[in-house]
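Visitor: got a sequence here, can you model it:
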Amino acid sequence: MQSVLQQERLPRAANLLDILRMAIYQGELTPGQRLIEAEIAVRYDASRGAVREALALLGNEGLVVRERNRGARVRPIALEEAVEIAEARAALEGLCAAKAAAIITARQRRDLRALAPPMTEAVRGNDIIGYNRTSQRVHGSIREIAGQATVSTLLDRLSNQGMRYQFQVSLLPGRLAQSLQEHLAVIEAVCSRDPGLAEKTMREHLFSLVDALRGLAELGPSPMMPPMAWG
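Guide: Residues are numbered from 1 along each chain as shown. Here you go, the predicted structure:
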């Protein structure tokens, strides 16, 4: 399977942003690694302007830092910071779940529940990539239903910063199955139209992620992600 950095050249800034972001998530671009505009431009047959724009956007997401006279590099995110990110997400996503449960329509309930079967199938097939993609759709759908634009913007930034560790957590024994049950519970809590239950269930799910992140520290060096293809 091709690595992210060996895929087809993508000259547009939006595509370049996606491919660089995923390379950071899966560890092909490692924490602290310098991101040299000229090298990226040649690799993807992109303009220096497009590269500069993509790196600036990654900086806005907290994935890249730019230092005067030293250029850009992948921002290292310590495990303890990832824990703090998950704790902040618990509060914000709990709010979104409560808001969504209060106003969810019948059609939105059907659409949200429709995400459960592909998640279940992904776990059965040990499809970590497919599972994480669908779980992100669950969270994104709940935010969309809630209609909390400001909170959603904050959560996008937090989620981007913590994503690399979230993929590593998925490799922990039994974590995928546990996460599935948590997501199914979140879906049903939101669909129940009970804001208190929805908030509680979402917060419990995110604090379970906190526990799993702390479990990574006990394992020593972070497990390496297998090569992933992104479309």
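Visitor: from here on, contacts and neighbour counts on C-alpha atoms
Guide: Noted.
Visitor: can you give me the helices in this protein?
Guide: Read by DSSP state H, the chain holds these helices, from start to end of the chain: 13-25, 37-44, 48-60, 79-103, 106-113, 116-124, 128-146, 149-169, 175-191, 195-218.
Visitor: chain center to the first one, what's the gap?
Guide: Computed by Cα atoms, centre = their mean, to the nearest Å, the chain-centroid distance of helix 13-25 equals 13 Å.
Visitor: and the angle for that helix with helix 37-44?
Guide: Angle, helix 13-25 to helix 37-44, by axes from the mean of the first three to the mean of the last three Cα atoms, to 10 degrees: 100 degrees.
Visitor: put the alpha carbons of helix 13-25 into PDB.
Guide: Taking Å, rounded to 0.1, in the frame of the first residue of the first chain, the C-alpha atoms of helix 13-25 are listed here in PDB:
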ATOM      1  CA  ALA A  13      -3.800  23.900  -1.800                       C
ATOM      2  CA  ALA A  14      -6.900  22.100  -0.400                       C
ATOM      3  CA  ASN A  15      -5.700  18.700  -1.500                       C
ATOM      4  CA  LEU A  16      -2.200  19.500  -0.300                       C
ATOM      5  CA  LEU A  17      -3.600  20.500   3.100                       C
ATOM      6  CA  ASP A  18      -5.400  17.200   3.400                       C
ATOM      7  CA  ILE A  19      -2.500  15.000   2.400                       C
ATOM      8  CA  LEU A  20      -0.100  16.800   4.800                       C
ATOM      9  CA  ARG A  21      -2.600  16.700   7.600                       C
ATOM     10  CA  MET A  22      -3.000  12.900   7.200                       C
ATOM     11  CA  ALA A  23       0.800  12.400   7.000                       C
ATOM     12  CA  ILE A  24       1.000  14.100  10.400                       C
ATOM     13  CA  TYR A  25      -1.800  12.000  11.900                       C
END
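Visitor: now do the buried residues in that helix.
Guide: Going by neighbour count (16 or more other Cα atoms under 10 Å), the buried part of helix 13-25 is 13, 16-17, 19-25.
Visitor: mean confidence score for stretch 136-154?
Guide: Stretch 136-154 shows a mean pLDDT of 93.
Visitor: can you check stretch 170-189 too?
Guide: On average, the pLDDT along stretch 170-189 is 94.
Visitor: which residues touch that stretch?
Guide: 101, 112-113, 116, 119-120, 123, 128, 135, 138, 169, 197-198, 201-202, 205, 212, 223 (Cα atoms under 8 Å, 6 or more residues apart in numbering).
Visitor: again, 6 Å this time
Guide: Outside stretch 170-189, the residues that touch it by Cα atoms under 6 Å, 6 or more residues apart in numbering are 197-198, 201-202, 205.
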